[in-house]
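[1] Have a look; sequence and predicted model below, questions after that.
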Amino acid sequence: MTTEERLYKLEGIVEGVMATLPERISSLEVRIDLLRKELKEDINSLRQEFKADVAALEGRLQEQMTSLRQELKADMASLRQELKGDMAALRQELKADINTALNRLMLYFSALAVILALLTLWR
């Protein structure tokens, strides 16, 4: 095969490629556009799923916070009642201790009065 024949053969191949190239490019552009649309749809779908998941999480978080608030209120009320009971018990103990001390003081004063009376009589 001569150089001219090779060139002629290469020209045919190049012309064949050139003839199909615009069609291939057009097909490729269509495929790229389809892929872009699919990608946009997938992204939008993922955004919607993400928003729904975030909203669901926010709802669950609100429920958990409400539940914790209620538990905290119940615990606080229980502690208040316990504290009131402890304070009442301490008051009763303090009153009993004060009464005991006053009774002893009265006994001491009474004993002192008896001693003073006896001393007055013996004089």
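    Everything's here; your move.

[2] who's in contact with Glu29?
    Residues near Glu29 by C-beta atoms under 8 Å, 6 or more residues apart in numbering: none. Yep, even glycine has a C-beta here, placed from its N, CA and C like the rest.

[3] can you count the residues close to Ala89?
    Ala89 has 10 neighbours, counted by other C-beta atoms under 10 Å.

[4] residues contacting it?
    So Ala89 contacts nothing (C-beta under 8 Å, 6+ apart).

[5] From the centroid of this structure, which residue is nearest?
    Central residue of the chain (C-alpha atoms, centre = their mean): Leu61, 6.1 Å from the mean position.

[6] tell me the pLDDT at Ala74?
    Looking at Ala74, its pLDDT stands at 96.

[7] ok, it to Leu28 distance?
    68 Å (C-beta to C-beta, to the nearest Å).

[8] How about Leu105?
    For Leu105 relative to Leu28 (C-beta to C-beta), the value is 110 Å.

[9] Equivalent analysis for Ile98, please.
    For Ile98, the distance to Leu28 - C-beta to C-beta - is 101 Å.

[10] go on, Leu119?
    130 Å.

[11] Check Leu107 too.
    From Leu107 to Leu28 the distance is 115 Å (C-beta to C-beta).

[12] hang on, the earlier thing: name the helix or strand for the residue nearest to the centre of the chain, please.
    helix 3-122 (DSSP states H and E).

[13] Might you calculate how far that helix sits from the centre of the chain?
    Computed by C-alpha atoms, centre = their mean, to the nearest Å, the separation of helix 3-122 from the middle of its chain amounts to 1 Å.

[14] that older thread, what score does the residue nearest to the centre of the chain have for pLDDT?
    So Leu61 comes in at 97 (pLDDT).
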